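S.K.: Fold the stuff below for me.
(chains A, B, C, D, E and F, ligands or ions: 6)
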Amino acid sequence: MRGFIRDGEPLKERRVLHSSMDCTKRSVTLSEILDLAASNLVSPLILSFVLGAFAALVRSDLTFPEAAAKAMSIYLLFAIGFKGGVSVAGHGVDGALGISLVAGLLLSALLPFVAFGLLKLLTRLDRLNAAAVAGHYGSISIVTFVAGTSILETQGIASEGFMVAVAAAMEAPAILSALWLISAGGKGRMDGHLWREILLNGSIVLLVGAFAIGMITGEEGLAEISSFIVSPFKGVLCLFLLDMGLVAGRSIRDSRGALTAGVFVFGVVMPFVGAAIGVMAGLLIELSLGGVFLLMVLSASASYIAVPAAMRVAVPEADAGIYLTLSLGVTFPLNLAIGLPVYLAVAKALVGG
Amino acid sequence: MRGFIRDGEPLKERRVLHSSMDCTKRSVTLSEILDLAASNLVSPLILSFVLGAFAALVRSDLTFPEAAAKAMSIYLLFAIGFKGGVSVAGHGVDGALGISLVAGLLLSALLPFVAFGLLKLLTRLDRLNAAAVAGHYGSISIVTFVAGTSILETQGIASEGFMVAVAAAMEAPAILSALWLISAGGKGRMDGHLWREILLNGSIVLLVGAFAIGMITGEEGLAEISSFIVSPFKGVLCLFLLDMGLVAGRSIRDSRGALTAGVFVFGVVMPFVGAAIGVMAGLLIELSLGGVFLLMVLSASASYIAVPAAMRVAVPEADAGIYLTLSLGVTFPLNLAIGLPVYLAVAKALVGG
Amino acid sequence: MRGFIRDGEPLKERRVLHSSMDCTKRSVTLSEILDLAASNLVSPLILSFVLGAFAALVRSDLTFPEAAAKAMSIYLLFAIGFKGGVSVAGHGVDGALGISLVAGLLLSALLPFVAFGLLKLLTRLDRLNAAAVAGHYGSISIVTFVAGTSILETQGIASEGFMVAVAAAMEAPAILSALWLISAGGKGRMDGHLWREILLNGSIVLLVGAFAIGMITGEEGLAEISSFIVSPFKGVLCLFLLDMGLVAGRSIRDSRGALTAGVFVFGVVMPFVGAAIGVMAGLLIELSLGGVFLLMVLSASASYIAVPAAMRVAVPEADAGIYLTLSLGVTFPLNLAIGLPVYLAVAKALVGG
Amino acid sequence: MEMHKAKRVAIIIEAPMERRLTEALKAADVTGFSILPVRGGSGRSGDWSSEGQVGRAGGMLQVICIIRPERLDAMLEGVFAVVERHIGVVTVSDCEVLRAERF
Amino acid sequence: MEMHKAKRVAIIIEAPMERRLTEALKAADVTGFSILPVRGGSGRSGDWSSEGQVGRAGGMLQVICIIRPERLDAMLEGVFAVVERHIGVVTVSDCEVLRAERF
Amino acid sequence: MEMHKAKRVAIIIEAPMERRLTEALKAADVTGFSILPVRGGSGRSGDWSSEGQVGRAGGMLQVICIIRPERLDAMLEGVFAVVERHIGVVTVSDCEVLRAERF
Ligand SMILES: Nc1ncnc2c1ncn2[C@@H]1O[C@H](COP(=O)(O)O)[C@@H](O)[C@H]1O
Ligand SMILES: Nc1ncnc2c1ncn2[C@@H]1O[C@H](COP(=O)(O)O)[C@@H](O)[C@H]1O
Ligand SMILES: Nc1ncnc2c1ncn2[C@@H]1O[C@H](COP(=O)(O)O)[C@@H](O)[C@H]1O
Ligand code: NA
Ligand code: NA
Ligand code: NA
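M.R.: Numbering: from 1, shown residues only, chains lettered A, B, ... in the order given. Ligands and ions are numbered 1, 2, ... in the order given. Okay, here's the model as predicted:
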């Protein structure tokens, strides 16, 4: 994310689009990916997640209070939104923002269909459950996104600040697609209530709101509160990932039955499929290296907050054990540990950063 | 607040008191006030409040856990009290502290009578409800005070550190006045229990206690914990105001009936009346520019924690919908957005800072 | 703790052990201890505790939400564990770690027997209650440990980073000793469940896990998150001690009956007995000055989280009023206010730091 | 102390359904209810706990409603429409209430 | 399992009244009670929620008290003196209790 | 609305005993239960409050279990084995339940 970068070098010129996506500029060697993955694996962030998962699996009584988890989540959304807005304020809003938002909306709306197809291929889930799961994969996980920006920051790679807004835009459309997939097989599931709940869910409002505040107050605003939202950010993220590890570990531990081999394979394969579609979109709309990477991350990640809540309301018959375990217990750690470095390596190869 | 100012210039000499309060030194132009108000309006603090209020009004499910709100409030009280104490430790306690405390106690005790009169004039509230509302306006809102110190800090204006102690002193007397106003119209409302609860309520104890700790440990103590209570302070205040916006927005949203036009007008007018009385008191006891401003802020602000709780106990028949909505939904945002810059401009004009 | 020290001077060479423990190098004058105690008493840390205790004793309604207390405790455990691990990473693990862990395990296992003997001497507690209390004194209070490291840091004294691991090692064995003491007088109290709960209790897992993360990620990891776990640490500790004061004050206030004179005297004497045994062990295994001091602190402190929970499960007949009040209301503040400076003075005299 | 017969309805329901349920209660002219947090539980759909949770999808809460016996049926119909397809438990028990004039 | 008849009294009351109520219970020789958090609710005085609240003025809590039938009246009198002028709900229901010797 | 007779068992128990109790419930083939937080209370062993507490030793919680009448005895035996030596309260009351097919 732009705001992170101290020396403030300008964004690389918009690259000429290589529609053939040839990798001639720079080939990704496996060893590079492995190196990146290895160094990623020993970061305090990943290890905190691992610690949490370990504690849950051995049934330690370590837990975070619900209020603390929610407070950390509010902090992270506010900080990441704010910083994105400041970054946009610094660079001005050009057409790229609009195109990227449209790309995000489309990705979110279309990825569930891809996911649904893959689920039909790999699993025996019925239409209802397959659609519910598919909805999760069109939407996004903001913590995965945050972890992605954190990797960019460590490597000193710039990215478009408005990617935060793209993240927000990608939260909801997938839910509509999932409901459409379901009702194509039966009765309508959408009411006015649900519409409002989806569009005005807390994390969208907070993310977009903080983004707007950051845009309005700019660097000056950031200077006032940066020792709150910038300096301790990574440390809070560590504790949050510790908590995510606890919750993910618990969900794996408690729902052994829900996860058949096929479903599990889907949870492993789908992120890469999503990332592949994301990278194409990113190249097509000519994002920077960092932007392409973040769009891959968003496409690869699966929702575990907004979509599950919507599914409980609209599709109560679907098994929450399946989609929560899959999204939180399989895809989230996979992205965190292996996905992120791989996506970055691929983005580097294709964008030539 | 003194402790905020890095370069530590000494407090301006006590000004000669202009009892006629002529504004010859420097006249307040409207455009100055508007400028100040405009720049105030686009600070992250105000915008965070606005975001919260917006989220509540559109019925987003964004909420802070109760525990997180309480934790932030503890943090703010501790930090502001501590810094006030450190500031006093640096400048020594002279008679000014004593005089200011007396002034605060008197203001808190007398403002309810002014408010009560104004309520009788503007509204049709019965004695009970009018007295309950009036009590809120004699007491103070510590967050408004904190926002005030934050403006002073931004502008590099010094103020007496002991104003925190004055704030604490102003919390309770107004409650007694309110109860007196009520029982003058009937039975006594005060029991020993209530006395103790009012005087030893959590925010008074924490504010005064932290003030004492700051005074005892001084700059040395501050140095040990300043990266906790100074650096991230404004950021925490942002999140707290976001929460205040949520709560205020909810109270406005849910109690449309409670707020008649007259009551609303009172909530808009009373802060300025309070500030006017506060500025006179501040000039009379010869506070510095910052001190006069903060005394205005305290006089203008209305309680939304200590007084409502006392009123629920002592005057359960009074309608909490009226006083909570008024204090939190009308007066608090009014002070935050418009009051503070206006009061500062007036204080500058009269004190000649 | 090593990680605290900015200039990074190397650990003093392992001192030649003076088995006679003569104090010829440097004698501890009483005035030195008093000086240290006095300066300790006016630190923000102690004063925050005093404020909390005061608020509880005067029945103020000041309270911390349970979630906030737990969140602060998670933060402190994570930070202290992480910093310990980083410090070990910097200095390499030699045999000293192993020996120290063994020493810690033995101290924890044996101190309950000493405590039990002392209780039989000083009080009329029955076997069950005496054993339950004794168990608390073999185990440790991590906040007392943290306060100890904080004193070392202020004085610029180095200590072995692995003392955090020793702290973790000392949590559990005392529980087994207590249960043995009880069942020696009757039926067995241990089941497989309890074993797991004791060894995998949240604070052990978090402390050891964070220690491991710190060791793996080293200075580099610390640099990433130090503005979260280092800079604000002492401030968080202040608020945490404020909360501890509230809880300790409440326990004293509400259980006047439970604390007979003899029991109270035990709570005052035992810490010094523990510290004396701890200092011998520390000298024997040739820890540095800081290490010896911390081992004294661990030996002197009494558990108020892990052991009470285990006792409620295994020995429900024992009176929680006794052991909680003793550990939290008597020994904890005693160590904080008087014990720590005394132990440090003694350690200095014996080690010659 | 004069007491009056009343019904105590306790509904354990998924957190995301909260607003729908409370609106259904109001639509059924229920004059009052209270919402209690639930920290965890177990059922046919497995174990759950609110600890460490950020989203509300996994959580449940309990709505308690004291109601005059004659209004029970109308209320249950409103409630049933909401919980019908959802997991959760609805129980009704007899109780007596002080100050029935407030209902 | 031998069970004994008892009364279950549930009092929903404003948070600022907590200490007054518990002291009244103790004064009425009630041997035990438990206090449960309430997260929100609705009544004649409008909707409320504890979420995001700093003060206790707006909140309520529920006090549960299991009591021997013969002591109910004394208890209710003590409770009534406290809740009389205040909002809140007091209900009593029959229950059976294990280990009545503990009451 | 068709209702079915059931029993409502409410167990107030020390927090450290939570896992033992829930395992006993499962062992007794209880199909569902919910756990509610308790914020404080008072009893023969004195007053307690969860506020500001870090450890779980001092706290309690309430387990609510709706069960078919015929399964009550088996359940209570399992519960009793766990609470026997511990402080806490176990109450049983009658209730009616919607959708009994789910139990
Ligand atoms: N018999 C019951 N008694 C109390 N709570 C229950 C019962 N059955 C279900 N619940 C609650 O409702 C949730 C969902 O239940 P289920 O639909 O059976 O998975 C459980 O996790 C419990 O919190
Ligand atoms: N019939 C009821 N059932 C359950 N809780 C109620 C009921 N009536 C009131 N309450 C609770 O008591 C609070 C105040 O009630 P009221 O005085 O009617 O505004 C409400 O917000 C609810 O939390
Ligand atoms: N009669 C009762 N009604 C409700 N809760 C009780 C009762 N007796 C005890 N409790 C709860 O159980 C805890 C322990 O009770 P005791 O064993 O009597 O100290 C108390 O602090 C209360 O939270
Ligand atoms: Na996605
Ligand atoms: Na005022
Ligand atoms: Na010890």
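S.K.: wait, does the helix or strand hosting A:A275 make contact with chain D?
M.R.: For A:A275, the host element (DSSP states H and E) is helix A:261-284. No: on the criterion Cβ under 8 Å from any Cβ of the partner chain, helix A:261-284 is out of touch with chain D, staying 15.6 Å away. Just so you know, the C-beta spots here come from the backbone N, C-alpha and C atoms, and that holds for glycine as well.
S.K.: quick one: that helix to chain centroid distance?
M.R.: 12 Å (Cα atoms, centre = their mean, to the nearest Å).
S.K.: Nearest residue to the residue of chain A found nearest chain B in space, please, no chain neighbours.
M.R.: Residue nearest to chain B within chain A: A:F228 (2.1 Å; Cβ to the nearest Cβ). The shortest distance from A:F228 to any residue other than its chain neighbours is 2.1 Å, reached at B:G235 (Cβ to Cβ, 6 or more residues apart in numbering or on different chains).
S.K.: residues touching the one you found, list them.
M.R.: A:I225, A:S226, A:S227, A:F228, A:I229 (Cβ atoms under 8 Å, 6 or more residues apart in numbering or on different chains).
S.K.: the longest helix in chain D is where?
M.R.: helix D:72-83 (DSSP state H).
S.K.: quick one: the very next helix or strand once past that helix near chain B?
M.R.: Counting by DSSP H and E, the element after helix D:72-83 in chain order, helix or strand, is strand D:88-98. No: using Cβ under 8 Å from any Cβ, we find that strand D:88-98 stays clear of chain B, coming within 15.9 Å at best.
S.K.: which helices and strands does strand D:88-98 pack with?
M.R.: Applying 3 or more Cβ pairs under 8 Å, 6 or more residues apart in numbering or on different chains; DSSP states H and E, one finds that strand D:88-98 contacts strand D:3-14, strand D:60-67, helix D:72-83, helix E:72-83, strand E:88-98, strand F:3-14, strand F:88-98.
S.K.: Report the two of the contacts of B:G235 separated the most.
M.R.: Longest distance between any two of these is 8.2 Å, between A:S227 and A:I229; criterion Cβ to Cβ.
S.K.: These two: who's more crowded?
M.R.: With neighbours defined as other Cβ atoms under 10 Å in any protein chain shown, A:S227 and A:I229 compare such that A:I229 has more, 28 against 19.
S.K.: And the more buried one, what's its pLDDT?
M.R.: A:I229 carries a pLDDT value of 96.
S.K.: For it, give me its contacts.
M.R.: By Cβ under 8 Å, 6+ apart, the contact set of A:I229 is A:Y75, A:F78, A:A79, A:F82, A:K83, A:L222, B:G235.
S.K.: Spatially, which residue comes closest to it, not counting chain neighbours?
M.R.: A:A79 (3.9 Å).
S.K.: ok, now A:A37?
M.R.: Leaving out its chain neighbours, A:A37 is closest to A:P341 (Cβ to Cβ, 6+ apart), at 4.2 Å.
S.K.: could you say which helix or strand contains the one you found?
M.R.: helix A:340-347.
S.K.: Pretty sure A:A314 sits against A:L179.
M.R.: Yes: the pair A:A314 and A:L179 passes the contact test of Cβ atoms under 8 Å, sitting 5.9 Å apart.
S.K.: sorry, back to before: list the buried residues in the longest helix of chain D.
M.R.: Of all the residues in helix D:72-83, those buried under the rule 16 or more other Cβ atoms under 10 Å in any protein chain shown are D:L72, D:M75, D:L76, D:G78, D:V79, D:V82, D:V83.
S.K.: swap in stretch D:93-103?
M.R.: Under 16+ other Cβ under 10 Å, the buried positions of stretch D:93-103 are D:S93, D:D94, D:C95, D:E96, D:V97, D:L98, D:R99, D:F103.
S.K.: Farthest pair within those residues?
M.R.: Largest separation among the buried residues of stretch D:93-103 by Cβ to Cβ: D:S93 and D:R99, giving 19.3 Å.
S.K.: Please report the distance of A:A167 from ligand 1.
M.R.: As defined by Cβ to the nearest ligand atom, to the nearest Å, A:A167 lies at a distance of 32 Å from ligand 1.
S.K.: ok, now how distant is that residue from chain E?
M.R.: Counting by Cβ to the nearest Cβ, to the nearest Å, the gap from A:A167 to chain E is 25 Å.
S.K.: Without its sequence neighbours, what residue ends up closest to the one residue in chain D that gets nearest to ligand 2?
M.R.: In chain D, the residue that lies nearest ligand 2 is D:G32 (2.2 Å; Cβ to the nearest ligand atom). Leaving aside its sequence neighbours, D:G32 sits nearest to E:G43 (Cβ to Cβ, 6+ apart; 3.9 Å).
S.K.: per-residue confidence at the one you found?
M.R.: 92.
S.K.: same question, A:G90
M.R.: pLDDT at A:G90 comes out at 86.
S.K.: hang on, isn't it packed against A:G218?
M.R.: Yes: in this structure A:G90 lies within contact range of A:G218 using Cβ under 8 Å: 6.9 Å.
S.K.: Rounded mean pLDDT for stretch A:50-62, please.
M.R.: Mean per-residue pLDDT for stretch A:50-62: 96.
S.K.: quick revisit: give me the neighbour count for the residue nearest to A:I229.
M.R.: By the measure other Cβ under 10 Å, the count of residues near A:A79 is 24.
S.K.: Same question for A:G156.
M.R.: 12.
S.K.: ditto for A:D94
M.R.: Neighbours of A:D94 using other Cβ under 10 Å come to 11.
S.K.: shaky segments in chain A?
M.R.: Along chain A, the model assigns pLDDT under 70 to residues A:1-28, A:185-190, A:256, A:353.
S.K.: which residues sit in contact with the residue nearest to D:A81 when sequence neighbours are not counted?
M.R.: Leaving aside its sequence neighbours, D:A81 sits nearest to D:A24 (Cβ to Cβ, 6+ apart; 6.4 Å). Counting by Cβ under 8 Å, 6+ apart, D:A24 touches D:G78, D:V79, D:A81, D:V82.
S.K.: got a list of what the nearest residue in space to the first one that is not next to it in sequence touches?
M.R.: This means D:G78. Leaving aside its chain neighbours, D:G78 sits nearest to D:A28 (3.5 Å; criterion: Cβ to Cβ, 6+ apart). Counting by Cβ under 8 Å, 6+ apart, D:A28 touches D:A74, D:M75, D:E77, D:G78, D:V79.
S.K.: Nearest to A:T63, out of those residues: which one, please.
M.R.: After measuring the contacts of D:A28 against A:T63 - Cβ to Cβ - the closest member comes out as D:V79, at 32.2 Å.
S.K.: where does chain D have its least confident helix or strand?
M.R.: Least confident helix or strand, chain D: strand D:46-49 with a mean of 92, by mean pLDDT, DSSP states H and E.
S.K.: export it as CSV, just CAs?
M.R.: This file holds the C-alpha atoms of strand D:46-49, laid out as CSV (Å, rounded to 0.1, in the frame of the first residue of the first chain):
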residue,chain,number,x,y,z
GLY,D,46,-22.3,-29.2,16.3
ASP,D,47,-20.5,-27.2,18.9
TRP,D,48,-20.0,-23.5,18.8
SER,D,49,-18.5,-20.8,21.0
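S.K.: Could you measure from the residue in the stretch 101-250 of chain A that ligand 2 sits nearest to over to A:A314?
M.R.: Using Cβ to the nearest ligand atom, the single residue of the stretch 101-250 of chain A nearest to ligand 2 is A:H193, 22.5 Å away. Applying Cβ to Cβ, to the nearest Å, the value for A:H193 to A:A314 is 10 Å.
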